[in-house]
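Trainee: Okay, sequence plus prediction incoming.
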Amino acid sequence: MTAATARTFLITGVSSGLGRAFAEAALQAGHQVIGTVRKDTDAEAFSALAPDRAYPLVLDVTCFDAIPQAVADAERKAGPIDVLVNNAGYGQEGALEESSMDDAQRQFAANVFGPIAMIKAVLPGMRARRKGHIVNVTSMGGFITMPGLSLYCGSKFALEGVSEALSKEVAGLGIKVTALAPGQFRTDWAGRSMDRAARSIADYDDVMNPLRSARIAKSGRQPGDPAKAAQALLTLVEAPTPPTRLFLGEDALSLVERKLESMKDEITEWEDLSRSTSFTS
């Protein structure tokens, strides 16, 4: 890869899962990658992937005040950031009534406010250079919903909205924004990485018990290949006119298409009531 086409990526959460796959693919393609991790041992392992192009950044994205300086320090080492990939986050499983307000605050801190803080840290430089691409990793759960994941889906819906509105704010500044929405990929998302609220209300047994069991059983056997998701990311950032939203996976496409049909049917069914609220002249 020539110097003209090589980019500097900042990818959050590169110690495992999709973030690790994204970073490895970018490095193999000849790019530089600044990757956030939360442990010194993970920083050493990441640096070893490509000592001259892999720059570990020990950072918790929920420590909002630390982000601007951390990003500035990283850019001094690796150069201006061309692509921000907000990947760090986790899933909170639990019926809403069984989940605490602390659960909700932590979920939104990691999945929404952390990405917002990262975006605010890179935008001044991207604006000055009139170029850049922000990729926010959302989820098919940011468009469809699943019982037992109300906080998670809510956080991803929020990040989808932020991404879409932001894309319109910066379109004239040469900055591109894409919400990257994966389906089920073979990572630890549903395993050790998931935070599960304790069960306490028997009325939710019929909903929660089978779903929790099925999700645990499927962990490690999901259909999506993280390496192929990483190649899709590289294709996305090379596109001259990337989409505002890109779903990844057959399951994501199928479920999204089904919801769109359901939404259209429901809008049509209630159209008269929707139109009944305007002043009559």
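Mentor: All right, it came through fine. Residues are numbered from 1 along each chain as shown.
Trainee: going forward, measure contacts between C-alpha atoms and count neighbours the same way
Mentor: Fine.
Trainee: Show the contacting residues for Val207.
Mentor: Counting by CA atoms under 8 Å, 6 or more residues apart in numbering, Val207 makes contact with 147-148.
Trainee: Same check on Pro115?
Mentor: 61, 86, 136.
Trainee: Nearest residue to the first one in space, ignoring adjacent ones along the chain?
Mentor: Same thing as Val61. Gly114 (4.9 Å; CA to CA, 6 or more residues apart in numbering).
Trainee: Okay, now the unreliable bits of this protein?
Mentor: Low-confidence segments of the chain (pLDDT under 70): 1-4, 189-190.
Trainee: So what's the residue count around Ser167?
Mentor: By other CA atoms under 10 Å, 19 other residues sit near Ser167.
Trainee: quick one: it from Gly132, how far?
Mentor: Distance of Ser167 to Gly132, given as CA to CA, to the nearest Å: 12 Å.
Trainee: Tell me the residues that contact both of those two, please.
Mentor: What both Ser167 and Gly132 touch, as defined by CA under 8 Å, 6+ apart, is the set 175-176.
Trainee: now what about stretch 260-269, what contacts it?
Mentor: Contacts of stretch 260-269 (CA under 8 Å, 6+ apart): none.
Trainee: Which parts of that stretch count as buried, going by neighbours?
Mentor: Of the residues in stretch 260-269, none count as buried by neighbour count, 16 or more other CA atoms under 10 Å.
Trainee: from what I can see Ile34 touches Ala78, true?
Mentor: Yes: contact criterion CA atoms under 8 Å: Ile34 and Ala78 qualify, at 7.4 Å.
Trainee: what sits in contact with each of those two?
Mentor: Joint contacts of Ile34 and Ala78 (CA under 8 Å, 6+ apart) are 8, 55.
Trainee: who's more crowded, these two?
Mentor: The residue with more neighbours, out of Ile34 and Ala78, is Ile34; 27 against 18, by other CA under 10 Å.
Trainee: That one and Asp52: what is the separation?
Mentor: Ile34 is 11 Å from Asp52, by CA to CA.
Trainee: Give me the most central residue, this protein.
Mentor: In the chain, the residue lying closest to the centroid (CA atoms, centre = their mean) is Val137, at 2.0 Å.
Trainee: Could you name the helices and strands sitting against the one helix or strand Gly161 maps to?
Mentor: In this assignment (DSSP states H and E), Gly161 forms part of helix 150-170. The contact analysis (3 or more CA pairs under 8 Å, 6 or more residues apart in numbering; DSSP states H and E) places helix 150-170 against strand 92-93, helix 101-108, strand 175-182.
Trainee: For Ala21, which of these is the nearest?
Mentor: strand 175-182 (13.4 Å; CA to CA).
Trainee: which secondary structure elements does the closest one contact?
Mentor: So strand 175-182, by 3+ CA pairs under 8 Å, 6+ apart, packs with strand 132-137, helix 150-170, strand 245-248.
Trainee: List the contacts of the residue nearest to the centre of the chain.
Mentor: Contact analysis of Val137 by CA under 8 Å, 6+ apart lists 85-87, 179-182.
Trainee: List the residues that contact the spatially closest residue to it that is not a sequence neighbour.
Mentor: Nearest non-adjacent residue to Val137, counting by CA to CA, 6+ apart: Leu180, 4.7 Å away. By CA under 8 Å, 6+ apart, Leu180 lies in contact with 135-139, 245-248.
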